[in-house]
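J.: A predicted structure for the sequence below; I have some questions about it.
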Amino acid sequence: MTLGRKNRRVEKSGDQKSVTMELMRTLNELKRLVNPVLDSRNPDHHYTLVQWPSTCPFSHRREVNLQQHIRKEHLTEEDSRSLDSGGAENSLPSSQTIQRPSIKTTKKLLYKQPSVLMGRTNVVTVTPWLAPIVWEGTFNPLIVDSIYKPMHLSIATTVFAVGKYVRFLRDFLETAEKHFMVDFKVHYYIFTDRREDVPAVVLAPGRNVTIIPVPGSNRWQEISSRRMEMIQTTIENQIGKEADYIFCLDVDTKFHGRWGAETLSRLVATIHPGYYEQTHEHYPYERRPASRAYIPAGEGDYYYGGATIAGYVRDVHKLAKYCREQLEADAANSIEAAWQEESHLNRYLLYNKPTKILSPEYLWQDFKAKNNEVQIIRFSQVNKNYAEVRPNVKKRK
Ligand SMILES: CC(=O)N[C@H]1[C@@H](OP(=O)(O)OP(=O)(O)OC[C@H]2O[C@@H](n3ccc(=O)[nH]c3=O)[C@H](O)[C@@H]2O)O[C@H](CO)[C@H](O)[C@@H]1O
Ligand SMILES: [Mn+2]
């Protein structure tokens, strides 16, 4: 990313001095907006005075004006698009366009007025970095749908059904058709070594399935972990060109309630239902410094489940690539993290905070009784006979 050559020097006359001071202050703000585009300490970066409309005070409009100026004068169209999509490092083809919701409803809606004083009180609904934690009662589905449905988003959904886990597919797909991203374009990518056992499930219009053959394995840990590599490569080869958002879900699950556009964001993680009442010293993070998934004592926000990861395709690609690389580095050192890719995921999310968090409503376990916090179970792991379905046995979590 380079700045235009034409603006090389600061041109200053007497009464412009205070304006210059103000501009200098504004530069700091600007850095927040366009960082790493502009850095006043960088000798390669230059700034110039811009004609300011006399009627325009230094108010909220300055941000808009400065952004427009920078876009017009200094950024290529591609840079501009990169900023629009969060400025994240992009290893995907630039043809991938990511739509962002404009907070605009297409028609007049009647709904209960939101309050600034009343809301959920028995749960925390925002993280300390101001990402929402999605619970029943924190969003109005009517408003959410009216914003997102007109955007005609494409949602990729990956699910692995390797070996005996193919038996979970029918319930997964049938319940997803009832509850998961209803009225959206959903493309399921089913990774399996048993193509002939994939059930034929009737899908709503605009929804389809692609089966991707994968090898079997005699270690469930390997099957679970290898998902990261396959998600990474399938995004590079196919999903990156087709979808706006991606969900990566466990197959030994069923949907029981709405899972809609309230779950869309740049990087979405789900709180694991087994640990949300505990503090981080009790989380099953990887505690051996020899593993790349290591999280030292005293650190940690939440414990995230490996069963649901979601977000913009490019952000999930970055996460999957990271986990794959860490898993491979560990394997080269003959170490396997406590909970395989879930351990690496937790480390990644500690240092790359999710932009939205789904409460345990979105990842429950059938053997757990519902409690006061969880007013609705939307998605839950079915009870399974581990010894029977897994190619090798390991104690359950
Ligand atoms: C609730 C939750 O967060 N679950 C996570 C947890 O245990 P789980 O007990 O949920 O792991 P699991 O046995 O469901 O395996 C994870 C997923 O891998 C696939 N699979 C696994 C084995 C097999 O023989 N065939 C097959 O297809 C399948 O899609 C399954 O849903 O820890 C795992 C660590 O590795 C994963 O992070 C899971 O997502
Ligand atoms: Mn599972």
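T.: Right, received. Where do you want to start? Ligands and ions are numbered 1, 2, ... in the order given.
J.: Quick check, the residue in this structure closest to ligand 2?
T.: Nearest residue of the chain to ligand 2 (CB to the ion) works out as D250 at 3.7 Å. All C-beta spots, glycine's among them, are computed from the backbone N, C-alpha and C.
J.: what helix or strand is Y189 on?
T.: Assigned by DSSP states H and E, Y189 falls within strand 185-192.
J.: follow-up on the earlier one: dump the residue contacts of the residue of the chain closest to ligand 2.
T.: Contacts were defined as CB atoms under 8 Å, 6 or more residues apart in numbering; by that measure D250 touches 159, 306-308, 381.
J.: ok, which of those residues also contact ligand 1?
T.: Filtering these for proximity to ligand 1 by CB under 6 Å from any ligand atom leaves 306-307, 381.
J.: Tell me the first helix or strand C-terminal of the strand holding Y189.
T.: strand 207-213.
J.: Tell me how far that next one lies from the chain's centre.
T.: 22 Å (CA atoms, centre = their mean, to the nearest Å).
J.: Partner strands of that strand, with direction?
T.: Counting by DSSP bridges, the strands paired with strand 207-213 are strand 185-192 (parallel).
J.: what about the partner strand, distance to the chain center?
T.: On CA atoms, centre = their mean, the centre of strand 185-192 falls 18 Å from the chain's centre.
J.: Kindly report the same for stretch 112-128.
T.: So, by CA atoms, centre = their mean, the centroid of stretch 112-128 is 22 Å from its chain's centroid.
J.: buried stuff in it?
T.: Neighbour counts over stretch 112-128 (16 or more other CB atoms under 10 Å) mark 123, 125, 127 as buried.
J.: And stretch 207-219, by the same measure?
T.: For stretch 207-219, by 16+ other CB under 10 Å, it's 207, 209, 212, 214, 217.
J.: Double-check A320 against I231; I have them as touching.
T.: Yes: counting by CB atoms under 8 Å, I231 is a contact partner of A320 at 4.3 Å.
J.: Now for these two: what residues contact both?
T.: Here A320 and I231 have C248 as joint contacts, going by CB under 8 Å, 6+ apart.
J.: Next to ligand 1, which bits of this protein? Give me the list.
T.: Counting by CB under 6 Å from any ligand atom, the chain sits next to ligand 1 at 160-163, 165, 220-221, 223-224, 250-252, 272, 305-307, 339-342, 363, 381, 390-391, 397.
J.: quick revisit: ok, of the contacts of D250, which come out buried?
T.: Neighbour counting with 16+ other CB under 10 Å marks 159, 306-308, 381 as buried within the contacts of D250.
J.: mind checking pLDDT for the most centrally placed residue in the chain?
T.: Taking CA atoms, centre = their mean, the centroid of the chain lies closest to L267, which sits 1.9 Å from it. At L267, the model reports a pLDDT of 98.
J.: hang on, isn't it packed against T355?
T.: Yes: taking contacts as CB under 8 Å, L267 lies within contact range of T355: 5.1 Å.
J.: Under the pLDDT cut-off, which ranges of the chain? List them.
T.: For the chain, applying pLDDT under 70 flags the ranges 1-107, 394-397.
J.: and it, what are its domains?
T.: For the chain, the structural domains run 14-84, 133-389, going by automatic domain parsing.
J.: now, of those, which is deepest in the fold?
T.: Most buried of the domains of the chain, by mean neighbour count (mean count of other CB atoms under 10 Å): domain 133-389, with a mean of 19.
J.: which residue packs closest to E286, ignoring adjacent ones?
T.: Counting by CB to CB, 6 or more residues apart in numbering, A293 is the residue found nearest to E286 once chain neighbours are left out, at 3.8 Å.
J.: Correction: the previous question concerned L203.
T.: E177 (6.2 Å).
J.: three-state assignment of V159?
T.: With DSSP: H, G, I helix; E, B strand; the rest coil as the basis, V159 sits in strand.
J.: element containing the closest residue to it other than its chain neighbours, please.
T.: In space, and not counting its chain neighbours, V159 is closest to V251: 4.9 Å by CB to CB, 6+ apart. Using DSSP H and E, V251 is not contained in any helix or strand.
J.: you'd agree V251 is up against R170?
T.: No: V251 lies out of contact with R170 (CB under 8 Å); the separation is 10.2 Å.
J.: interface residues of the stretch 151-300 of the chain facing ligand 2?
T.: For the stretch 151-300 of the chain, the contact set with ligand 2 under CB under 5 Å from the ion comprises 250, 252.
J.: Which stretches in the stretch 151-300 of the chain count as helices?
T.: 169-179, 220-234, 240-242 (DSSP state H, counting those that start in this stretch).
J.: I'd like the distance from the shortest one to the chain centre, please.
T.: Averaging C-alpha coordinates over helix 240-242 and over its chain gives two centres that are 16 Å apart (CA atoms, centre = their mean).
J.: Which elements pack onto that helix?
T.: Applying 3 or more CB pairs under 8 Å, 6 or more residues apart in numbering; DSSP states H and E, we find helix 240-242 packed against helix 313-332.
J.: And the helix it packs on, what does it pack against?
T.: Helix 313-332 packs on helix 220-234, helix 240-242, strand 245-249, strand 267-271, strand 304-312, helix 340-351, going by 3+ CB pairs under 8 Å, 6+ apart.
J.: TSV for these, including distance to I376?
T.: Converted to TSV, the helices and strands packed on helix 313-332 look like this (distance: least, CB to CB, whole Å):
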stretch	distance to I376
helix 220-234	27
helix 240-242	31
strand 245-249	18
strand 267-271	15
strand 304-312	16
helix 340-351	24
